[in-house]
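Colleague: What shape does this take:
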Amino acid sequence: LVATGAKGCATWFFADSNAAGYYAVEYDAPTADKLIKAGLPQLQSTESAAGLRNIQLMFSSGVGDAGQELASVAEFSHSSDPGLVRQTADTVASLREFVPKELRPNYARLIRSLYQARARELSWIPRAGEPQEVRLLRMEIVPLASANGEESELSSQAGSLAREWLKDRQSLDPDMVEPV
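Modeller: Numbers count the residues shown, from 1 in each chain. Below you'll find the model as predicted:
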């Protein structure tokens, strides 16, 4: 890594430029913290996804840090890139099996803090002409916020939509039948 014209040490670095690597990168804790706080938001979308994937891979393989995992999820859960938000939601959803029953209220609060506003904005009903990425995001975070996040407004809407669908099978978008 050569930084031409640099006036000091870089505050962060990313070891997979253009997300072109076929490898996973393990960062030490201080480097990962700097990358999460300062670097990831400045990367291209593909690089951000690769960085997030690296953190997820390290955590799931047992060598990563739970704090780093949650920090990266929190950073990208509010991204304007639906693919990154879906990636974080998938990570958060996969944690459920490790959450003891007595900590489920905390887990639900975490989900609401990360996804409630976006899930309510998206709602259960797709809008005409919306991009496929938005439809996929809805299918991921609205059910997550409703069920695991114990979001009462979305849960109530899901119940109403399900009852309506039982009467009229055309009343609900086919992509949303299973999540509802």
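
Colleague: so Cys9, which of the three states?
Modeller: Applying DSSP: H, G, I helix; E, B strand; the rest coil to Cys9 yields a three-state assignment of coil.

Colleague: Can you get me a residue count around it?
Modeller: 7 (other C-beta atoms under 10 Å). The way it works is simple: take the backbone N, C-alpha and C, and place the C-beta from them, glycine included.

Colleague: How about the secondary structure of Ser79?
Modeller: Quick answer, by three-state DSSP: Ser79 is coil.

Colleague: average pLDDT for stretch 130-147?
Modeller: Stretch 130-147 carries an average pLDDT of 96.

Colleague: what sits up against it?
Modeller: By C-beta atoms under 8 Å, 6 or more residues apart in numbering, the residues outside stretch 130-147 that reach it are 82-83, 85-86, 89-90, 92-93, 111-112, 115-116, 118-120, 122-124, 126, 151, 154-155, 158, 175-176, 179-180.

Colleague: swap the cut-off to 6 Å and go again
Modeller: 82, 85-86, 89, 93, 111, 115-116, 119, 122, 124, 126, 151, 154-155, 158, 175, 179 (C-beta atoms under 6 Å, 6 or more residues apart in numbering).

Colleague: Then stretch 150-165?
Modeller: So stretch 150-165 is contacted by Ala108, Gln116, Trp124, Ala145, Ser146, Ser171, Leu172, Val180 (C-beta under 6 Å, 6+ apart).
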